[in-house]
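Colleague: Okay, sequence plus prediction incoming.
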Amino acid sequence: MFPKIKYQIMPPAGFSLIELIMVLTLMSVLSAIVTVAFVKPFEGHTLVSQQTKLLAATDAALSRMEHDISNAVPNSVRVRSVGSISVIELMYKESAGRYRYFCQPGVDEALIPTEQDDQFDVLGNIPSPSSFSRLIVNPVDVETLYFAANQPAAGFITPSNIAVGHSSLASSDHITLSQPFEFDPIDIGVLRKRFYISDAAVMYRCDPMEGTLFRYSGYHPNSVASTSVPSGSAQALLSDQIKRCHFDYYLDASQRNGFVTLDLTLGKENTVGFIKQVRVDNVP
């Protein structure tokens, strides 16, 4: 007798189609949750990093502009805008001091602005001027100063062909000019008896269409303000991410105090804006 063999039918192994669809659906939901959980913080970090760099670049540009404006010769700041281009121009003050206006014959030298003069004593000490420096006395207003810078007979500022010399004495410094010059030919008077030495004109030119902010220096300024790039100037790129810019200059009723408003927006997709005001002392 042979033993009886029993057969048992087993259920089919694997997943059903419905189970597979449910698993795929759950995986899609989990994938979306994980993507949001990890990608969004990464994007936020990238955005913060970009904004931090833009803030640093904007602050650096504004700080450089503030430094130059704060050290401008009185009544030398001027602003001009044409279309989207904004320009601010000034004469940078290398040093300043008071000149001796009363002297003892044979002992010291005084400056007489209403006469041709080529030397005077400084009340105190100043740094040695550069070889391209120009001497300025009583810059009464911006139009007169820039006109005189291009018309030697107008006074106020020595022409570029007159060299400014400097020597240190025991009690004070001494300034010499390579040629005699008359600073006050129309005798308007110099109340504060101060002089300024400027080694360069400086221009900031902002062009949102090009996305650039340039600093130009070491050139001869024109009588009339212009938004054109000054010829013969040295240039330095402060930013190539300019989105918008505007410069404004406000003078009070006395014309002796002014405020320059610097409005810059940097960035392309993510932007950062800054507004800074700089006080200008125009008392000559």
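Modeller: Right, received. Where do you want to start?

Colleague: Where does the prediction get shaky in the stretch 101-250 of the chain?
Modeller: Counting by pLDDT under 70, the ranges of the stretch 101-250 of the chain that qualify are 104-108.

Colleague: What ranges does it have for its helices?
Modeller: In the stretch 101-250 of the chain, the helices defined using DSSP state H, counting those that start in this stretch lie at 142-150.

Colleague: residue ranges of the strands in the chain, please?
Modeller: Assigned by DSSP state E, the chain shows strands spanning 78-82, 85-98, 117-122, 134-137, 164-168, 173-181, 194-207, 212-219, 234-239, 242-251, 257-266, 272-281.

Colleague: Next, the buried residues of stretch 63-70.
Modeller: In terms of neighbour count (16 or more other CB atoms under 10 Å), stretch 63-70 has its buried residues at 65-66, 68-69. Every C-beta, even on glycine, is put in place using the N, C-alpha and C of the backbone.

Colleague: re earlier: so which of the strands of the chain gets nearest Ile18?
Modeller: Closest of the strands of the chain to Ile18 is strand 272-281, at 53.7 Å (criterion: CB to CB).

Colleague: which parts of that closest one are buried?
Modeller: Neighbour-count burial for strand 272-281 [16+ other CB under 10 Å]: 272, 276, 278, 280.

Colleague: what packs against it?
Modeller: Contacts defined by 3 or more CB pairs under 8 Å, 6 or more residues apart in numbering; DSSP states H and E place strand 272-281 against helix 17-70, strand 257-266.

Colleague: The ones you listed: lowest mean pLDDT?
Modeller: Among those, helix 17-70 carries the lowest mean pLDDT, at a mean of 74.

Colleague: farthest-separated two in the buried residues of stretch 63-70?
Modeller: Using CB to CB, the pair of the buried residues of stretch 63-70 lying farthest apart is Glu66 and Asp68, separated by 7.5 Å.

Colleague: Contacts only, for His166.
Modeller: If you count contacts by CB atoms under 8 Å, 6 or more residues apart in numbering, His166 has them with 126, 128-129, 173-176.

Colleague: Just among these, which is most surrounded?
Modeller: Within the contacts of His166, most neighbours by other CB atoms under 10 Å means Ile175, with 22 neighbours.

Colleague: ok, back up a step: compare the strands of the chain and give me the one nearest Ala60.
Modeller: For the strands of the chain, proximity to Ala60 was assessed by CB to CB; strand 234-239 is nearest, at 7.5 Å.

Colleague: in that closest one, what's buried?
Modeller: Those would be 238-239, for strand 234-239 by 16+ other CB under 10 Å.
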